[in-house]
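# coords below, sequence missing:
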């Protein structure tokens, strides 16, 4: 077959392949194929019954739940929310409020689910990354866990950290749809560290 004939035959071959694949799919019961739909952000995310470990695990769970709650409030999917934020120069007031409220809602859910770690379990991690006087650090480490937990309930610490978080600035830094968690998680983690450290100083 010469080159001209081969070029002429290509569309017919392609059509035959498409028809053949479609026929196989129908025969296999795939005639009612529908593309996957984005998950409904208002659907309850399969939760974990295990306690979050460390500030990293704590903020990861918190942000996952918080973004879901924000998307649900705005009436969009998680995917649509992240895409909108990435395409905008500045987040809207509604988006900022929805994320802050979503994070606060997530704290309450985690408290109800019993997955918030005691604040005393986070002390060493906070102090290891803090630039403070070693005698002050030693004094904080010497505090009984019960004293720390009674004075600094984890739920209260998280809510205060979220209230201090500059949500608008965090959302303004997004440059693609995959960056939402990458930007929010470190910001929340740092806010939790700062809040814990500030309040621990007052216990010594």
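Good, I have the coordinates. This structure is a prediction, so every number in the text was calculated from the model and none was measured.
# let me see the mean pLDDT of stretch 134-151.
Averaging pLDDT along stretch 134-151 gives 91.
# now do the strands in this structure.
Counting by DSSP state E, the chain forms no strands at all.
# low-confidence stretches in it?
Scanning the chain for pLDDT under 70 picks out the ranges 1-41, 44-52, 175-178.
# cutoff 50 now
2-26, 28, 30-31, 33, 35-36, 49 (pLDDT under 50).
# just the helices in it please.
In the chain, the segments counted as helices under DSSP state H are 3-27, 54-74, 78-87, 93-113, 123-128, 134-141, 145-151, 154-164, 167-172, 179-201.
# ranking the ones you listed by burial, who's on top?
Ranked by mean neighbour count, these are led by helix 54-74 with a mean of 21 (mean count of other Cβ atoms under 10 Å). Just so you know, the C-beta spots here come from the backbone N, C-alpha and C atoms, and that holds for glycine as well.
# tell me the helices and strands packed up against that helix.
Helices and strands touching helix 54-74, by 3 or more Cβ pairs under 8 Å, 6 or more residues apart in numbering; DSSP states H and E, are helix 78-87, helix 93-113, helix 123-128, helix 179-201.
# go again with 7 Å.
helix 78-87, helix 93-113, helix 179-201 (3 or more Cβ pairs under 7 Å, 6 or more residues apart in numbering; DSSP states H and E).
# can you list contacts of that helix?
41-42, 45, 52, 77-78, 81, 94-95, 98-99, 101-103, 105-107, 109-110, 115, 117, 122, 125, 158, 180-181, 184-185, 188-189, 192-193 (Cβ atoms under 7 Å, 6 or more residues apart in numbering).
# distance between it and the chain's centre?
Distance of helix 54-74 from the chain centroid (Cα atoms, centre = their mean, to the nearest Å) equals 4 Å.
# check contacts around the closest residue to residue 137 other than its chain neighbours.
Of all residues not flanking residue 137 in the chain, residue 127 sits nearest, at 5.0 Å (Cβ to Cβ, 6 or more residues apart in numbering). Shown in contact with residue 127 (Cβ under 7 Å, 6+ apart): 137, 140, 141.
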